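# Predicted coordinates and the sequence they were generated for:
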Amino acid sequence: MSRRRARIVLVALALVTGAAACASPVDDRRTVRLDGAPWTVLRAGDDGMRARTDFDGADGMLFDLERETDPSAVMFVMDGVLFPLDIAWFAADGRLVGTTSMPLCSTDPCPRHAAPAPFRWALEAPLDAFADLDRAAGDVRLDGDVRLDVPD
C-alpha cells in the first residue's frame, strides 16, 4: 500500500472513529433519591434512550429542563427507542406530578407523551418501575443531585 493511500485510510478511520464517539450515548451518572430511595441515573443527552439497548446498569435516565416547563412545550416520543419505558415527571420543587407507560412505537408519527402538569424533570426507567408511585402523587419527591447543569 502506498504512503498516500495509507494516509487516506488513516484519516478516514480517524473520521469514522470520531463520528462514532460523538454519536455515543451520554453516560454521565449520578445518584438521586426517589421517594427516599437512591437511584443511579444517566444524564439524558439529546437522543435520550434512542438506539440504547438498556440502561447500562443505571436505574433510569434523567432529563433536566433547568426550569419548570409547560407540558405542551416538551413531549416525549418513542421513535427509535428499542424497548417500552415508564416515565415520571417532577415539578421544580421535586414533587411527582405524574407517570405513564410508553409502549414501543408502531405508528408514524409516534404518539406523544405529555406530563399532566408543569414539570422540570423527567425520569425514564424500565417498564413498571413507577407502578407504586401514582397512588402517592404529590407526596413522592425527587431530590439529591438532580441539577444536571451543575458538574458533580
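Structure's in. What do you need?
# Just the helices from this protein, written as ranges.
In order along the chain, the chain carries the following helices (DSSP state H): 3-23.
# residue ranges with poor pLDDT in it?
Within the chain, the ranges that satisfy pLDDT under 70 run 1-27, 134-138, 147-152.
# ranges for the strands of it?
Listed in chain order, the strands of the chain (DSSP state E) span residues 29-34, 37-43, 60-69, 76-77, 85-90, 96-102, 112-113, 119-126, 142-144.
# Among these, which comes closest to R50?
Set against R50 and scored by C-beta to C-beta, the strands of the chain come closest in strand 76-77, at 9.5 Å. Any C-beta I mention is one placed from the backbone N, CA and C, and that applies to glycine too.
# Of the strands of the chain, which stretch is the most buried?
Mean neighbour count (mean count of other C-beta atoms under 10 Å) peaks for strand 85-90 among the strands of the chain, with a mean of 24.
# ok and that one relative to strand 29-34, angle-wise?
Inter-element angle recorded for strand 85-90 and strand 29-34: 70 degrees (by axes from the mean of the first three to the mean of the last three C-alpha atoms, to 10 degrees).
# List the strands paired with strand 85-90, with their directions.
Partners of strand 85-90 in the sheet, by DSSP bridges, are strand 96-102 (antiparallel), strand 119-126 (antiparallel).
# And the longest one, how far out from the chain middle?
Centroid displacement of strand 119-126 relative to its chain, using C-alpha atoms, centre = their mean, to the nearest Å, is 7 Å.
# Output it as CSV, restricted to C-alpha atoms.
Taking Å, rounded to 0.1, in the frame of the first residue of the first chain, the C-alpha atoms of strand 119-126 are listed here in CSV:
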residue,chain,number,x,y,z
PHE,A,119,-42.6,19.9,35.2
ARG,A,120,-38.8,20.4,35.4
TRP,A,121,-37.5,16.9,35.5
ALA,A,122,-38.5,13.7,33.6
LEU,A,123,-37.2,10.3,34.7
GLU,A,124,-37.4,7.4,32.2
ALA,A,125,-37.0,3.9,33.6
PRO,A,126,-37.8,0.3,32.7
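# Any idea which of the strands paired with strand 85-90 gets closest to S72?
Put simply, out of the strands paired with strand 85-90 the one that sits nearest S72 is strand 119-126, at 11.6 Å, with distance taken as C-beta to C-beta.
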